[in-house]
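Asker: Model the following, please.
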Amino acid sequence: MQYDFGLSKIYELVINSNPCYAFLLEGNSLIQNKLIVAHVLAHCDFFKNNARFSTSNRNMLESMSATAERVMQYELEYGTQAVESFIDAVLAIQEHIDPQSIRPRTIDKQRDMELKMREQREGKPPRPPGAYDDLWMLEEMKATMRSDSPRSDMADRRFPPEPEKDIVWFIQEFSPVLEDWQRDIMTMLRDEMLYFWPQMETKIMNEGWASYWHQRILRELDLTAEETFEYAKLNASVVQPSRHSLNPYYLGLKLFEDIEKRWDNPTEEDRDRFGRQPGQGRAKIFEVREFDSDQSFLRNYLTKQLTEELDLYIFEKKGPEWKITDKSWENIRNQLVYSRVNGGFPYLVVEDGDYHRNGELFLKHRYEGLELDLRYLERTLPYVYTLWGKAVHLETKVEEKLVLFTYDGQKASRRFK
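Answerer: This is a model prediction of the structure:
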């Protein structure tokens with residue numbers, strides 16, 4: 001939790017584990033810690049009960065400790081500079097995972113066989129054999145013998161067969177240049193991102209839930225006049241709206257309060273159409289807390305009336321000035337929902353892992369109206385090249401025109417298609 005008086009101050013850190021751990025800033029006043037403890041309790045309740053956290057690794061502290069130990073060993077063996085440079089490259093793409101793919105996936109063994117055959121044709125030294133390569137090759141030979149299709153069809157197969165969202169996993173499994181220790185680091189960093197992903201999907205809900213409950217808990221405490229004043233000032237700074245960006249504490253709190261009010265006092269239409277009875281507000285917000293993510297939370301419960309009450313709007317930069325461009329509540333709601341898709345990160349996929357039949361990597365941006373940050377894109381492609389070892393291409397749209405960005409190890413280029 002943090003608030004802003006020109007500078008930002010972090011008051012606590014809460015960790016989703018079993019049990020949850022919270023670390024409070026040394027130097028907090030007593031009333032600050034009272035508010036923080038109430039806030040943290042609600043976070044813990046959210047971690048334990050929201051569906052997005054059902055697959056979380058509750059022993060992540062131990063896992064992170066083991067990760068740190070392994071990384072230290074790699075630094076001793078391969079050098080600090082080599083390890084840190086590699087980690088920087090992985091962190092540049094760490095958000096591009098598929099959180100739905102919890103189960104370990106099998107490697108495309110036929111593809112692996114094709115790559116070995118190509119390496120032999122090109123005179124490259126073969127990769128070190130795996131423990132089960134003989135079994136995999138036997139299986140592929142049987143499959144080829146059973147197939148009625150001509151052998152040349154192998155060259156026409158897509159790789160991957162379908163666009164792959166989990167770019168980190170794909171590179172980790174199929175990069176021709178990574179060593180075992182590098183694949184191990186990628187696996188560990190991917191696991192950590194999978195742990196944090198539910199928090200990205202529920203940022204507005206989680207902070208709104210914690211703000212809702214810290215307010216109600218503090219109201220029940222017997223505070224002195226001085227504590228009441230300090231609490232009011234601190235709480236107001238936490239949940240105040242921002243002129244420049246969306247405050248998840250504020251929006252989440254107002255949404256939960258509005259849901260509770262509407263379900264406590266249903267309209268006649270709500271009673272007739274949905275059979276809604278008065279006094280169900282508290283039960284409803286617990287239901288929302290359990291089943292929703294930010295996307296469904298905003299889509300289902302941000303109403304026209306609340307949008308107008310909160311004075312939400314869409315603004316864009318027009319020339320040297322920022323101007324309000326839209327106050328339609330449906331457009332505002334849709335843009336908020338879209339901003340939470342994929343945790344708020346661009347949706348990229350591996351379209352082809354053998355682009356130009358030369359082992360190059362072709363990525364594609366699923367463009368839906370928001371352009372990529374081009375400076376960030378061109379700075380990131382060299383990191384992807386480091387991980388893949390061959391030219392990297394990314395297709396996106398700029399000003400509604402298809403553009404292909406390429407980094408070949410020497411320079412970055414762009415070409416309109």
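
Asker: And this protein, what are its domain boundaries?
Answerer: Following automatic domain parsing, the chain resolves into domains at 2-50+202-339, 109-158, 342-416.

Asker: With respect to Ile171, which of these lies nearest?
Answerer: Closest to Ile171 of these is domain 342-416 (Cβ to Cβ; 5.0 Å). Heads up, the C-betas are built off the backbone N, CA and C, glycines and all.

Asker: tell me how far the closest one is from the chain's mean position?
Answerer: Per Cα atoms, centre = their mean, to the nearest Å, the displacement of domain 342-416 from the mean C-alpha position of its chain is 19 Å.

Asker: that older thread, reformat the domains of the chain into CSV and put mean neighbour count and distance to Glu164 next to each item.
Answerer: Below are these laid out as CSV (neighbours: other Cβ atoms under 10 Å; distance: least, Cβ to Cβ, whole Å):
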stretch, mean neighbour count, distance to Glu164
domain 2-50+202-339, 16, 22
domain 109-158, 11, 10
domain 342-416, 17, 4
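
Asker: Of all those, which one comes closest to Arg183?
Answerer: domain 342-416 (10.3 Å).

Asker: how close does the most centrally placed residue in the chain sit to Glu201?
Answerer: Nearest to the mean C-alpha position of the chain, by Cα atoms, centre = their mean, lies Gly343 at 4.0 Å. For Gly343, the distance to Glu201 equals 6 Å [Cβ to Cβ, to the nearest Å].

Asker: again with His43
Answerer: 15 Å.

Asker: what do you get for Glu399?
Answerer: 31 Å.

Asker: Gly281 too?
Answerer: For Gly281 relative to Glu201 (Cβ to Cβ), the value is 24 Å.

Asker: contacting residues around Trp329?
Answerer: Taking Cβ atoms under 8 Å, 6 or more residues apart in numbering as the criterion, Trp329 is in contact with Leu302, Thr303, Lys304, Thr307, Glu308, Leu312.

Asker: Just give the closest residue to the fourth one, not the sequence neighbours.
Answerer: Closest residue in space to Thr307, ignoring its immediate chain neighbours: Trp329 at 3.9 Å, by Cβ to Cβ, 6 or more residues apart in numbering.

Asker: how about the nearest residue to Gln365, chain neighbours excluded?
Answerer: Just to correct that, residue 365 is His rather than Gln. Thr396 (3.8 Å).

Asker: and the one you found, helix, strand or coil?
Answerer: Of the three states, Thr396 takes strand under DSSP: H, G, I helix; E, B strand; the rest coil.

Asker: Then Asp352?
Answerer: Classified using three-state DSSP, Asp352 is strand.

Asker: Would you confirm that it contacts Glu162?
Answerer: No - Asp352 is beyond contact range of Glu162, at 11.4 Å (criterion: Cβ atoms under 8 Å).

Asker: In this structure Val403 contacts Phe416, no?
Answerer: Yes - the pair Val403 / Phe416 is scored as a contact, 5.5 Å apart, by Cβ under 8 Å.

Asker: and the residue nearest to His365, what does it touch?
Answerer: With Cβ under 8 Å, 6+ apart, Thr396 has these contacts: Lys364, His365, Tyr367, Glu371, Leu372, Leu377, Leu402, Val403, Phe405.

Asker: Also Ala38?
Answerer: The neighbours of Ala38, taking Cβ under 8 Å, 6+ apart as the test, are Trp213, His214, Ile217, Leu218.

Asker: For the residue nearest to Thr307, grab phi and psi.
Answerer: The phi/psi pair for Trp329 (degrees, to the nearest 10) reads phi -60, psi -30.

Asker: Okay, it and Gly359: tell me how far apart.
Answerer: 50 Å.

Asker: my read: Leu377 touches Val392, true?
Answerer: No - counting by Cβ under 8 Å, Leu377 sits too far from Val392 to count as a contact (10.9 Å).

Asker: Pull the distance from whichever helix in the chain runs longest to the chain's centre.
Answerer: Assignment by DSSP state H gives helix 180-201 as the longest helix of the chain. On the basis of Cα atoms, centre = their mean, helix 180-201 sits 11 Å off its chain's mean C-alpha point.

Asker: and the next element down the chain from it?
Answerer: Downstream of helix 180-201, the first helix or strand assigned by DSSP states H and E is helix 203-220.

Asker: ok, then the element right after that next one?
Answerer: helix 225-238.

Asker: same for that next one, what does it pack against?
Answerer: strand 2-4, helix 30-49, helix 203-220 (3 or more Cβ pairs under 8 Å, 6 or more residues apart in numbering; DSSP states H and E).

Asker: now the first one: mean pLDDT?
Answerer: Spelled out, it's strand 2-4. The average of the pLDDT scores along strand 2-4 is 37.

Asker: and what of the longest one?
Answerer: Averaged across helix 30-49, pLDDT comes to 95.

Asker: tilt between it and helix 203-220?
Answerer: Helix 30-49 and helix 203-220 meet at an angle of 130 degrees, taking axes from the mean of the first three to the mean of the last three Cα atoms, to 10 degrees as the criterion.

Asker: Give me the residues contacting the next helix or strand after helix 30-49.
Answerer: The C-terminal neighbour of helix 30-49 among helices and strands, as given by DSSP H and E, is helix 60-78. Residues outside helix 60-78 that contact it (Cβ under 8 Å, 6+ apart): 15-17, 21, 57, 83-84, 87, 181, 184-185, 188, 191-192, 195.
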